[in-house]
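Undergrad: Provided below are the primary sequence and the corresponding predicted coordinates.
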Amino acid sequence: MRKGRVLVVAALLLVPSSASGAEGAPHGVPILVYHVVSAPPGSAHYPDLYVRAADFAAQMDWLAEHGYHVVTLKHVYDSWKKRARLPARPIVISFDDGYLSQYTRALPVLRAHHWPGVLNMEVNFLQPVGGLRPWRVRRLIEAGWELDAHTLTHPDLTTLDDAELWRQVDGSRVALRREFHVPVDFFCYPAGRYDARVIRAVELAGFLGATTMNYGLARPSGLFTLDRVRINGSDGVGGFASKLRSLSTNPSPY
Ligand SMILES: [Zn+2]
């Protein structure tokens, strides 16, 4: 549908952003960000992307011991927009890109707690070695995980022309919905890169909200620029606990 695509791309320039002004309770919710859940290889270019499986398990135990309850992003959204009830100390655990260890290492730990994860899936990572295959994504969905979109190939969206921006944003949602038959309601900006034009594309593709790499609590006033809390390999349990404690006692000022 070339004509339809041209119209949609043109509309990117015209539709005003509605990213602000969301209603609902003002409570901020932490959305944690993980990448690879295993020890970094010696050759790793970005060792902080790796959180050891034992550290991950200990961090999840810390959450349980401190009264946190893990929920999906959709559950948080429904609490903001539809007054759905959230448990005490709600928290979202998101996993970016779609690494094999998110299935082999993170799933068993979360399943033991009866907690769902949120998978921000780069469509390209469904195929290669080290990524998730579709059957594993289906198992995650069966275990209660939420599937969200993280583009086709992880480009810096702010550098793309309108047609390629739309292909990456809408195309990833279409591909994941077609493959897995789930809503794919939320979007995650690759490397946290976005601008007003990118946000409009995400809204126009029908997403309900989008997550960034900006540090802080997610709030309904910024549904398309939701803050997250990145967990690094160097955090261990001590750094993890201090991040959550400082956010709950000293939340971001908006
Ligand atoms: Zn990513």
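TA: Yes, it's here.
Undergrad: give the contact list for the closest residue to the ion within the stretch 101-250 of the chain.
TA: In the stretch 101-250 of the chain, the residue that lies nearest the ion is Pro190 (5.0 Å; CB to the ion). Just so you know, the C-beta spots here come from the backbone N, C-alpha and C atoms, and that holds for glycine as well. Contacts for Pro190 were tallied using CB atoms under 8 Å, 6 or more residues apart in numbering; they are Glu122, His150, Thr151, His154, Pro155, Asp156, Leu157.
Undergrad: just the pLDDT for it.
TA: As predicted, Pro190 sits at a pLDDT of 98.
Undergrad: tell me, how many residues neighbour Ser246?
TA: The burial count assigned to Ser246 is 10, neighbours taken as other CB atoms under 10 Å.
Undergrad: give the next helix or strand downstream of the helix or strand of the chain with the lowest mean pLDDT.
TA: The weakest-scoring helix or strand in the chain, judged by mean pLDDT, DSSP states H and E, is helix 2-12 (a mean of 57). Following helix 2-12 in sequence order, the next helix or strand is strand 31-34 (DSSP states H and E).
Undergrad: which stretches in the stretch 101-250 of the chain count as helices?
TA: Assigned helices in the stretch 101-250 of the chain, in chain order: 107-113, 134-142, 162-180, 196-204, 236-249 (criterion: DSSP state H, counting those that start in this stretch).
Undergrad: show me what counts as buried in the third one.
TA: Judged by neighbour count (16 or more other CB atoms under 10 Å), helix 162-180 contains these buried residues: 162, 165-173, 175-176, 179-180.
Undergrad: make CSV out of the residues you listed and add distance to His27 and pLDDT.
TA: CSV is the format used below for the buried residues of helix 162-180 (distance: CB to CB, whole Å; pLDDT from 0 to 100):
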residue, distance to His27, pLDDT
Asp162, 36, 98
Leu165, 32, 98
Trp166, 34, 98
Arg167, 36, 98
Gln168, 32, 98
Val169, 28, 98
Asp170, 31, 98
Gly171, 34, 98
Ser172, 30, 98
Arg173, 28, 98
Ala175, 34, 97
Leu176, 29, 98
Glu179, 34, 97
Phe180, 30, 98
